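Novice: Quick one, fold the following:
(2 chains)
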Amino acid sequence: MQRNFVKYLLLFFIPVLLGYMVVEYLTFRIPSNYKKNSELLDTEAQNLEVLILGSSQMKDAVNAALLKQPTINLASGDQHHNTDFKILKSLLPKLKNLKTVVLEVSYSHFELPHNSKGFWKNSVYLKYYGVNCFERETYFKDKLIYLSFPPFYSKKLYNHYITKEDPASFNHYGFDTLNYSGKFKDLKYDEAKIVEKNFKINTRPDLEIFETNTKLFFEILDFLKDNNLNVIICEIPMYKSYLPVRHNGILKRRDSILQVASKNYKNVHLFDREEDTINFSVKKYWNESHLNPDGAVIYTTMFQKVLDSLH
Amino acid sequence: MLFNSFDFGFFLVLVYVIYWTIGTRRRNNQNVLLLISSYIFYGLWDWRFLSLLIASSLVDYFAGRLLQRATSNSIRKLLLWSSVLWNLGVLVTFKYFDFFVTSFADLFAISLTENTYTIWNVIVPVGLSFYTFQTMSYTIDVYRKKITPTKNLIEFLCFVSFFPQLVAGPIERAKKLLPQFEKERSFNLQTSKEGLRQILWGLFKKILVADKLGIAVSIVFSNPEGYGSLMLIFAAVLFCFQVYCDFSGYTDIAIGTAKLFGFRLSKNFSLPYLSKSITELWQRWHITLTQWFTDYVYAPFVKSAKHITNSIRAIGLLVTMFLVGLWHGANWTFIAFGVFNGCVLVFERVPFFKRKGTVRKKLQKVPRIFSLGYVFIMFTISAVFFRAETIGQAWTILKRIFTITPDTAISSLIGIKLFYLVLMLIAEMLTQKWDFPLQKIELKIPKPVRWALYYVLIVLIIRYAEPKEAFIYFQF
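Specialist: Numbers count the residues shown, from 1 in each chain, chains lettered A, B, ... in the order given. Here you go, the predicted structure:
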């Protein structure tokens, strides 16, 4: 009877497994910045001089192809400092020529919780960069990309293979040069309409998280100092409607921490363009807190000057 | 390890294969395997709290053994209270201490520095309220001589830590679950298939209904001031279904998993929203918890009075429901949830416990639509307290609902999320006599259609599985 049941189960689940394998393969074939970064790490790790970490705001702001120094931009959506640190520690031995590490500190970075141990992108980091952010032993399931976030990748599969919408063109450095389709483009960059729309911003102060995050932040700075690396801390431009909504307490605490960091660590350099509303007009934005590729050109040019002063 | 994770899937397959490979006549080996698996299952959450689980089990095991030997009443009482105080002590220390200290400080306007009680400010071990209640009921039942204590330590440890029901129930009684560890278990094809189908149904309820509704509910509850009456009512109603699908979905997975190993767990839900009164709802909602509080709190409270009066019963109900609320979490919102339900239960007994003419009796006679509406409105109001982060937020929501605050726009929150809910409701209503809608599907639908249905459900479950959505009741 047990044997029959095993046969029954195998018969039932084999099509499920085969179907899943097809889905996983199709997911892997979708172009992504992770794949480009992975190739870059495989072929040019020894030459890379600059490592960029941070969240999607940082990912969209720097086009490494425009920089003179060999750079890899490993910033990614929702990636917090604790994940940055794990990536940094894991990849550092490979990056023999690394001189500068770029960190992002957005307005509420210190009061947003760190990524959990089960952060879905841990599978992505493991699969593409060979970095284990799980804080445990990994097994084959941890490298399955589709399973890491099925609803997200289902939409990707649908857009890529069926509707063929949402075009992306990743350059050699993993930057998407066609990343314009977003809220601002949908609103035709009409400032009056943009102002009327709601957007996501954290205005809830959290001193407990602040304490945890700043502690880790200084740990990262100590680590970078011990490894004789330059540090550039970036504050990415925000659209003008975003700036007045920021919580004053969160903002002041962030700024005071950055002042302490720049004062106490000689290798730390601040690069603050958060309130630059002159160079970054509405057409340079993807939404209130993200630049589009045109904005990235301006930001990267400014960033180059900072790098030039250090290298 | 969450039931709705692939990690659990792999774990389950592994344990299942070893379990039946050991052989059906090697009960002791199977029990040892279940015990080790349960401890691994629990330890993967936080191995530090495994020692607490083992300590609690040992305290009640030895309390049971000593109770059997003791002849003097005073010693028996001493043993009982030692066990009860240990269990309550663990609960208070790990779950309520922080709450009691801060509430006391708030009450007397005492300012607490951060380090005053940092040592106590610990995280709550997962499933603490469930397994503590289970072990406590064992000792009380032994004291009451309702059961004979087991001599077999392994079987007792299995009874406390059986992984399908360890972290969120059903809260089993020793009388029902313990004998199942004491007898040989044979493989049954039908039970195994039924178990798998129940797991599938539970996952459907959790992932496709509860988690989807949860997204909409969270959006509204995180910013109640931004919404008018209609949207707030909508969110509160959705939350009622979310919490039902979440918890009953979990229970289905737990019961289905237990079936795979040849165990029968207690039914915990019986279409509670079809009740005709709140009294009936509590007999159909989280049944094992209600029975626990009835047997170990309400009944002894009432019986302890010299003269059992209606007022004593009413006070008993209020005290019990206060504790039911507190059981759910160390927060005034849960207490308000319990007390509100307690008040409604008392109201339903007006004019106080006479057989004829109580509100509850009258509700049985009115057209069903009215009694259903009444139950749903009352439970939705209490659910606002359950879901809100603070009492203040709950008041804000209720105030905005009852003052008919206009909605500036009906949000797109209404939409596809409701589809699976409606589907689930229809399926459960049409199969009311079954334990779950897929239970007897073999008798009704031919194999190709059945398998097609299973495949569709599996694809949808995988497709919509968000990363790491914990079950609401795990925090209790």
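
Novice: I figured residue B:359 hits residue B:347, correct?
Specialist: Yes. Residue B:359 sits in contact with residue B:347 when judged by CB atoms under 8 Å, with a separation of 6.1 Å. Any C-beta I mention is one placed from the backbone N, CA and C, and that applies to glycine too.

Novice: OK, now which residue of chain B is nearest to chain A?
Specialist: For chain B and chain A, the shortest gap (CB to the nearest CB) falls at residue B:467, measuring 4.0 Å.

Novice: what sits against that residue?
Specialist: With CB atoms under 8 Å, 6 or more residues apart in numbering or on different chains as the criterion, the residues that contact residue B:467 are A:118-120, A:148-149.

Novice: Can you say which of those are buried?
Specialist: In those, burial by neighbour count holds for A:119-120, A:148-149, counting by 16 or more other CB atoms under 10 Å in any protein chain shown.

Novice: right, and out of these, which lies closest to chain B?
Specialist: Here the nearest of these to chain B, counting by CB to the nearest CB, is residue A:120; it sits at 4.0 Å.

Novice: Could you find the closest non-adjacent residue to that closest one?
Specialist: residue B:467 (4.0 Å; CB to CB, 6 or more residues apart in numbering or on different chains).

Novice: Would you confirm that residue B:285 contacts residue B:272?
Specialist: Yes. In this structure residue B:285 lies within contact range of residue B:272 using CB under 8 Å: 3.9 Å.

Novice: which residues of chain B score low on pLDDT?
Specialist: Counting by pLDDT under 70, chain B shows low-confidence ranges at B:24-25, B:107-123, B:351-356, B:408-417, B:468-476.

Novice: Domain-wise, how is it divided?
Specialist: B:6-185, B:191-417 (automatic domain parsing).

Novice: show me where the stretch 151-300 of chain A has helices.
Specialist: Here the stretch 151-300 of chain A has its helices, by DSSP state H, counting those that start in this stretch, at A:183-186, A:191-196, A:207-226, A:248-264, A:293-310.

Novice: Dump these to TSV, plus distance to residue B:38 and mean neighbour count.
Specialist: Formatted as TSV, the entries for those read as follows, by distance: least, CB to CB, whole Å; neighbours: other CB atoms under 10 Å in any protein chain shown:
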stretch	distance to residue B:38	mean neighbour count
helix A:183-186	49	16
helix A:191-196	55	12
helix A:207-226	33	16
helix A:248-264	44	15
helix A:293-310	53	17
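
Novice: Out of those, which is closest to residue B:405?
Specialist: Nearest to residue B:405 among the helices of the stretch 151-300 of chain A is helix A:191-196 (21.1 Å), distances taken as CB to CB.

Novice: what's that closest one in contact with?
Specialist: Outside of helix A:191-196, the residues that reach it under the criterion CB under 8 Å, 6+ apart are A:183-184, A:187, A:239, A:241, A:282, A:288.

Novice: Now for residue A:198, how many residues are close by?
Specialist: Counted with other CB atoms under 10 Å in any protein chain shown, the neighbours of residue A:198 add up to 8.

Novice: Just the C-alphas of stretch B:146-155, formatted as CSV.
Specialist: C-alpha atoms of stretch B:146-155 as CSV (Å, rounded to 0.1, in the frame of the first residue of the first chain):
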residue,chain,number,x,y,z
LYS,B,146,-9.6,12.5,34.7
ILE,B,147,-6.6,10.9,33.2
THR,B,148,-3.9,8.5,34.3
PRO,B,149,-0.4,10.1,34.0
THR,B,150,1.9,8.4,31.5
LYS,B,151,5.0,6.7,32.6
ASN,B,152,6.7,6.9,29.2
LEU,B,153,8.7,10.1,29.1
ILE,B,154,9.2,10.0,25.3
GLU,B,155,5.5,9.7,24.7
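
Novice: List the buried residues for that stretch?
Specialist: Buried-residue list, stretch B:146-155, by 16+ other CB under 10 Å: B:147, B:149-150, B:155.

Novice: So which of these is the closest to residue B:406?
Specialist: Minimum separation from residue B:406 among the buried residues of stretch B:146-155 (CB to CB) is found for residue B:147, which lies at 58.9 Å.
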